[in-house]
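> any chance you can model this:
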Amino acid sequence: MNLVIVESPTKSKTISKFLGKDYKVLSSYGHFRDLPKSKLGIDIENDFKPEYIIMPKARKNVNLLKKEAKESDQIILATDEDREGEAIAFHLAFILDLDEKTSKRIVFHEITKDAIKEALKSPKKIDMALVNAQQARRMLDRIVGYKLSPFLWKKIARGLSAGRVQSVALKAVVEREKEIQAFIAQEYWSITALLEKDKAQFESSLVKKDEKSIDKLEVKNEKEAKQIIEDLEGAEYEVEKVDKKEVKRNTPPPFTTSTMQQQASKKLGFPARFTMGTAQKLYEKGFITYHRTDSLSLSDQSLSAAKDFIIKEYGEKYWAGFFKKYKTKSKGAQEAHEAIRPSYPNKTPESLKLDSNQHRLYELIWQRFMASQMAQAVFSTQTADIKAKNYGFRTTGQLLKFDGFLKVYPIKFEEKELPELKEGDKLKLKELNPDQHFTQPPARYNEASLIKFLEENGIGRPSTYASILSNIQDKNYIEKNDQRRFQPTEIGTVVSNMLVEHFPKIVDIGFTADMESELDKIAAGEKKILPVIKDFYDPFMNNLEAKYKLIDKKDVTDTPTDKICPECNSPLIIKLGRYGKFYACSSFPKCKHTESLKENDLGIKCPKCKKGKLVPKRTKKRKVFYGCNTYPKCDYALWYKPTGKFCPKCKSMLVESGKNKEKCSNKECDYKVEKEGEI
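Okay, the predicted model is just below:
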């Protein structure tokens with residue numbers, strides 16, 4: 001009997017379908033051997049040797065694998081083809097006491113019958129360079145987390161933690177917020193002419209004066225705008241120049257992990273972690289290729305399949321006419337891997353039985369792959385320069401001439417039809433409109449833009465983006481606002497400022513990117529683990545020890561006030577805790593009085609006890625709800641924000657249920673309101 005070991009039970013079921021009765025496929029259930037949670041788990045004095053243990057929850061399954069291994073003639077390790085997968089294979093070989101004569105390592109980028117059979121024909125050894133790169137990353141992250149987190153506990157607040165890569169992402173969010181807060185809006189005005197030819201009206205924008213281009217911010221106020229309007233009084237509008245051409249929009253490349261996460265966020269509203277979990281299921285079921293990749297390579301087989309499908313379903317003019325191949329610009333990309341694509345390109349989203357979310361993500365992947373091999377979209381454009389006295393206006397029209405790849409992968413674009421214009425045409429002015437504008441601050445990061453920032457700066461790797469974003473949210477360092485964009489919390493800002501001031505290398509983009517490069521060199525066999533770890537550890541620990549002596553917690557967390565404690569008459573201070581600032585008695589722990597820093601009630605009396613007020617609160621998992629401030633005396637609570645109004649049908653509290661929407665908080669009542677009118 002041949003024993004095949006993979007990471008997940010779903011993957012094992014899929015592979016079992018392709019192998020005969022001589023094979024048994026079992027799962028390791030992911031990582032089962034790791035550094036202990038209770039201590040650093042790295043022997044600093046013994047060349048940073050990791051002290052691995054079998055995780056308690058994995059012991060039962062490990063014993064099963066050991067038993068099955070003893071009864072098997074051959075053991076095949078078929079974990080994923082990245083550093084994490086290679087490390088799992090390494091740990092499996094260790095616990096099963098395998099050597100090259102009794103074990104084989106196979107890799108494949110898609111779970112299809114052909115890929116599995118081909119992999120079995122050419123087994124290889126465990127790639128220790130990849131294993132070492134994974135171990136180095138794990139140890140570096142453990143050193144930062146287990147050495148720096150206690151420092152944050154002691155100098156700021158208990159329960160805080162720091163991560164090597166997460167801290168850079170946090171810094172990006174905090175720095176962006178500082179830019180927004182410091183931003184001073186500039187007023188500027190634009191001038192738009194509504195013109196007409198042959199009863200067809202179109203808009204044209206002011207772009208020139210005295211043959212010189214007008215800068216966007218050049219017209220600074222209403223007075224200057226009105227002066228231009230006065231200057232143009234009685235002007236004739238004449239077409240000075242017309243430029244007609246075809247514009248082709250290039251096809252998008254297939255997905256990498258990063259671009260998949262970005263587009264799933266933009267188009268589907270999926271958080272990065274959810275996208276990766278959904279992609280994992282699609283991969284394990286054999287529907288897509290491996291989803292942790294930064295490569296844009298595509299197999300010749302997949303390109304042929306795409307060509308055949310496109311020509312058959314849409315016609316030959318929709319195929320690009322050649323196999324389109326792309327090259328990634330991502331730092332340290334592993335070109336030996338493939339891009340994310342359907343395992344079977346001819347399997348349309350409608351042909352597969354998938355749940356709603358898997359269907360939506362598979363459809364996005366399938367569309368993107370097919371689009372990458374289709375013809376360009378073609379637009380016909382007409383740009384006209386229009387002269388009025390010493391001013392110049394410009395208008396541009398655009399019409400879709402051939403949809404090409406847009407047939408399967410829709411992208412937002414605007415069509416604007418202009419009348420047929422030619423040089424010398426006289427145009428009729430209908431309106432001349434000055435419009436006031438203000439410059440906007442830089443946008444806060446959302447999931448897509450923060451992932452793009454990490455990728456462009458070489459921070460982390462495709463498999464880490466989702467966990468980076470999740471970790472800094474779980475730690476309450478950042479949170480999403482109503483527009484699903486990231487804002488730092490009070491404690492997140494303080495932690496970031498502390499790291500920037502006292503541990504600048506930890507949050508330095510260049511330093512972190514260089515460390516990723518060092519890990520890549522380990523993965524390529526060009527560097528050893530020990531020098532990389534030691535070069536980081538020694539200066540880091542020297543600086544940490546110095547900061548323990550230098551920084552006084554009170555300077556960071558305590559701010560004196562003029563307020564007096566109502567319980568003991570001692571001065572109150574503003575104190576910084578894990579979840580933000582609050583008033584606390586300066587005589588703590590003798591007096592434990594605390595109170596909210598700001599009045600955070602909603603001005604709504606509790607409808608249950610008639611004494612307390614409704615205030616926003618958070619669960620242990622930081623989810624917001626609204627409850628009575630006299631709790632535990634009164635346990636009234638709502639998940640949605642109360643409005644202060646009551647349901648006309650059942651007299652329960654009305655709550656906000658969306659933009660301009662209200663509903664009854666009573667689950668048994670169906671009363672709803674939208675835009676001040678009943679639905």
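> strands along the stretch 201-350 of the chain, start to end?
Taking DSSP state E, counting those that start in this stretch, the strands of the stretch 201-350 of the chain run over residues 212-213, 237-249.
> name the stretch among these that sits most buried.
The highest mean neighbour count among the strands of the stretch 201-350 of the chain, using mean count of other Cβ atoms under 10 Å, belongs to strand 237-249: a mean of 14. Any C-beta I mention is one placed from the backbone N, CA and C, and that applies to glycine too.
> returning to what we had before: format the strands of the stretch 201-350 of the chain as a markdown table; extra columns: mean pLDDT and distance to Asn46.
Shown next, in a markdown table, are those (pLDDT from 0 to 100; distance: least, Cβ to Cβ, whole Å):
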| stretch | mean pLDDT | distance to Asn46 |
| --- | --- | --- |
| strand 212-213 | 96 | 68 |
| strand 237-249 | 96 | 59 |
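> quick one, which of these is nearest to Asn390?
strand 212-213 (10.1 Å; Cβ to Cβ).
> counting by contacts, list what the closest one packs against.
Counting contacts by 3 or more Cβ pairs under 8 Å, 6 or more residues apart in numbering; DSSP states H and E, strand 212-213 packs against no other helix or strand.
> of all the strands of the stretch 201-350 of the chain, which one is nearest Leu19?
strand 237-249 (44.8 Å).
> ok, the closest one: who's next to it in the sheet?
Within its sheet, strand 237-249 is paired with strand 377-388 (antiparallel), strand 426-438 (antiparallel), according to DSSP bridges.
> returning to that earlier point: nearest to Asp535, out of the strands of the stretch 201-350 of the chain?
Shortest distance between Asp535 and the strands of the stretch 201-350 of the chain, using Cβ to Cβ, is found for strand 237-249: 47.2 Å.
> what does the closest one contact?
Outside strand 237-249, the residues that touch it by Cβ atoms under 8 Å, 6 or more residues apart in numbering are 193, 195, 376-388, 392-393, 398, 401, 404, 406, 411, 413, 421-429.
> same question, stretch 380-397
193, 195, 202-211, 228, 231-232, 235-247, 398-399, 401, 416-418, 421, 427.
> one more: stretch 264-284?
Stretch 264-284 is touched from outside by 8, 10-11, 14, 110-111, 257, 260-261, 288-291, 340, 354, 357-358, 360-362, 364-365, 446-448, 451, 465-467, 469-470, 484, with contacts defined as Cβ under 8 Å, 6+ apart.
> now, of these, which are buried?
Buried residues within the contacts of stretch 264-284, defined by neighbour count using 16 or more other Cβ atoms under 10 Å: 8, 10-11, 14, 110-111, 257, 260-261, 288-291, 340, 354, 357-358, 360-362, 364-365, 446-448, 451, 465-467, 469-470.
> and stretch 72-80, what's buried?
72, 75-80.
> now swap in stretch 42-55 and tell me
For stretch 42-55, the neighbour count (16+ other Cβ under 10 Å) marks 42, 48, 50, 52, 55 as buried.
> now swap in stretch 213-224 and tell me
If you call a residue buried by 16+ other Cβ under 10 Å, then stretch 213-224 has these buried ones: 214, 219.
> domain ranges for this protein?
The record's domain parsing of the chain by automatic domain parsing lists 2-126, 136-182+443-550, 187-250+377-438, 257-372, 555-596, 614-678.
> those: which one's closest to Gly603?
Of these, nearest to Gly603 by Cβ to Cβ is domain 614-678, at 7.1 Å.
> distance between the closest one and the chain's centre?
With Cα atoms, centre = their mean, to the nearest Å as the basis, domain 614-678 stands 31 Å off its chain's centre.
> ok so, going back, and the domains of the chain as TSV, adding distance to Lys608?
Shown next, in TSV, are the domains of the chain (distance: least, Cβ to Cβ, whole Å):
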stretch	distance to Lys608
domain 2-126	42
domain 136-182+443-550	28
domain 187-250+377-438	46
domain 257-372	35
domain 555-596	21
domain 614-678	4
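> lowest-pLDDT helix or strand in the chain?
When each helix and strand of the chain is scored by mean pLDDT, DSSP states H and E, strand 677-678 comes last, with a mean of 38.
> which one of the buried residues of stretch 72-80 is nearest Glu456?
Comparing those against Glu456 with Cβ to Cβ picks out Asp80 as the nearest, at 25.3 Å.
> name the helix or strand for that closest one, please.
Assignment of secondary structure by DSSP states H and E places Asp80 within no helix or strand.
> one more: Lys104?
Using DSSP H and E, Lys104 sits in strand 103-105.
> wait, doesn't Ser258 sit right on Phe453?
No. Between Ser258 and Phe453 there is no contact under Cβ atoms under 8 Å: 10.5 Å.
> which one of those two has more residues nearby?
Ser258 (23 against 17; other Cβ atoms under 10 Å).
> so how far is Leu450 from the more buried one?
Separation of Ser258 from Leu450 (Cβ to Cβ, to the nearest Å): 11 Å.
> same thing with Tyr583?
Tyr583 is 34 Å from Leu450, by Cβ to Cβ.
> of those two, who's got more company?
Between Tyr583 and Leu450, Leu450 has the larger neighbour count (other Cβ under 10 Å), namely 25 against 17.
> next up, phi/psi of the more buried one, please.
Phi and psi for Leu450, reported as degrees, to the nearest 10, are phi -70, psi -40.
> now do the same contact list for it.
Leu450 touches 169, 172-173, 469, 486, counting by Cβ under 8 Å, 6+ apart.
> if we use 6 Å, what do you get?
Listed by Cβ atoms under 6 Å, 6 or more residues apart in numbering, Leu450 has no contact partners.
> again, but for Pro616
624, 626.
> list the buried residues of the helix or strand harbouring it.
Element membership for Pro616, per DSSP H and E: strand 614-618. Going by neighbour count (16+ other Cβ under 10 Å), the buried part of strand 614-618 is 614-615.
> residues near Ile506, how many?
The number of residues near Ile506, taken as other Cβ under 10 Å, comes to 21.
> is the nearest residue to Ala637 once chain neighbours are set aside bridged to anything, and to what?
Distances taken as Cβ to Cβ, 6 or more residues apart in numbering place Gly627 nearest to Ala637, at 3.9 Å, with adjacent residues excluded. Counting by DSSP bridges, Gly627 is bridged to Val615, Ala637.
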